[in-house]
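Peer 1: Whatever this is, show me its structure:
(one chain, ligands or ions: 2)
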Amino acid sequence: MLRSAVTVSLVPEARGGPFVYWDDLPAACQSARQLGYDAIEVFAPGPTAISPDALRSLLTEHGLVLAAVGTGAGWVKHGYSLTSSDRAVRRRGCDFIRAMIEFGGANSAPAIIGSMQGRTSAEVDHPSARQYLAEALEELGEFALAARVPLLFEPLNRYETNLINSIEAGVKLLQSLSTRNVKLLADLFHMNIEEVDIAAALRSGADFIGHIHFVDSNRRAAGLGHLDFGPIVAALGEIGYAGFVSAEALPYPDSEQASRQTMQAFLQVFRGQT
Ligand code: LER
Ligand code: MN
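Peer 2: Ligands and ions are numbered 1, 2, ... in the order given. The predicted structure follows:
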């Protein structure tokens, strides 16, 4: 059965970003548990921010599991990108993600590649960027397989990347790879900007969707924007989606209220509670 998760950012450089809880991991775990979440998703500054054992103890103490770990700190803190024109920067980006895969894998959670996909530039044209990205995903997908977790790849909207903006483009990219261990992260905020029909896109990505970022049109908590969740929930049911639905939303009006609002929406739309 599909499960609920909520994001926690431990990255000061990401301030202003779409994460529900900030800075204090124990406090976030406590609040998440009180509100009834199954899991947390951690946006960490790096693989040594907290030891996997300490993280496991904290999760166990609160009856939570780890849904996923973000790798975007590689970009926001270090300027790494998997499609940089500089081979050394691409290598450092891959190594950072390998370490994050091990970090998440130690608690059975996949790593997410979002902003680390980078974008084309004056130095890197589209075919080169696509090739760099495919090479990195081949390597990292198989590395994740050895850590017994999938790797999650997230299409982003056009203002964040010009590489992979839609589920269709994501599916094409994954189909071009030989590794079968990369799955798509469908973020409803990005999809609201890029997709013609969100529910149809989810259905078309059926075999590839491995994680959902649950959020409304304006990146506030579900229910605070104008997304129609009925067809989205129906599509996820139709494709038998059984992964995490993770709140990656702005802490609006504050973390606690965004978290509470998301859980209320989750129970309503996925569990049929009124
Ligand atoms: C960024 O916009 C995003 O949605 C994150 O999940 C990826 O870093
Ligand atoms: Mn996202």
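
Peer 1: The residue of the stretch 151-274 of the chain found nearest ligand 1: neighbour count?
Peer 2: Ranked by C-beta to the nearest ligand atom, the top residue of the stretch 151-274 of the chain for proximity to ligand 1 is Asp187, at 4.7 Å. From N, CA and C alone the C-beta is placed, and that goes for glycine too. Counted with other C-beta atoms under 10 Å, the neighbours of Asp187 add up to 25.

Peer 1: Also the one 3 residues further on?
Peer 2: Residue neighbour count, defined by other C-beta under 10 Å, stands at 25 for His190.

Peer 1: give the contact list for it.
Peer 2: With contacts defined as C-beta atoms under 8 Å, 6 or more residues apart in numbering, the neighbours of His190 are 154-157, 160, 165, 213.

Peer 1: Just the buried residues of stretch 104-112, please?
Peer 2: By 16 or more other C-beta atoms under 10 Å, the buried positions in stretch 104-112 come out as 104-107, 109-112.

Peer 1: Please flag which of these sit within helices.
Peer 2: The members of the buried residues of stretch 104-112 that map onto helices under DSSP state H are 104-105.

Peer 1: Need the max-distance pair from the buried residues of stretch 104-112.
Peer 2: Using C-beta to C-beta, the buried residues of stretch 104-112 span at most 16.0 Å, a distance reached by Ala106 and Ile112.

Peer 1: nearest residue to the residue of the stretch 151-274 of the chain closest to ligand 1 other than its sequence neighbours?
Peer 2: Nearest in space to Asp187, with sequence neighbours left out and distances taken as C-beta to C-beta, 6 or more residues apart in numbering, is His213 at 3.7 Å.

Peer 1: swap in Ala147?
Peer 2: With C-beta to C-beta, 6+ apart as the criterion, Ala147 has its nearest non-adjacent residue at 3.4 Å, and that residue is Gly105.

Peer 1: sorry, back to before: of the contacts of His190, which are in range of ligand 2?
Peer 2: His213 (C-beta under 5 Å from the ion).

Peer 1: where exactly do the strands run in the chain?
Peer 2: Counting by DSSP state E, the chain forms strands over residues 3-9, 21-22, 39-43, 65-70, 111-113, 151-153, 182-187, 209-214, 244-247, given from the N-terminal end onward.

Peer 1: Quick check: PyMOL command selecting the buried ones in the contacts of His190.
Peer 2: In PyMOL, this line selects whichever of the contacts of His190 come out buried by 16+ other C-beta under 10 Å:
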select buried, resi 154+155+156+160+165+213
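
Peer 1: out of the contacts of His190, who's nearest ligand 2?
Peer 2: Ranked by distance to ligand 2 (C-beta to the ion), the contacts of His190 are led by His213 at 3.9 Å.

Peer 1: Tell me which residues touch the closest one, please.
Peer 2: His213 makes contacts with 154, 185-190, 246-248, as judged by C-beta under 8 Å, 6+ apart.

Peer 1: what about the residue of the chain at minimum distance from ligand 1, neighbour count?
Peer 2: For the chain and ligand 1, the shortest gap (C-beta to the nearest ligand atom) falls at Gly114, measuring 2.4 Å. Counted with other C-beta under 10 Å, the neighbours of Gly114 add up to 22.

Peer 1: Who are the contact partners of the residue nearest to it when sequence neighbours are not counted?
Peer 2: The shortest distance from Gly114 to any non-neighbouring residue, by C-beta to C-beta, 6+ apart, is to Glu154 (4.1 Å). Going by C-beta under 8 Å, 6+ apart, Glu154 touches 112-114, 117, 184-185, 187, 190, 213.
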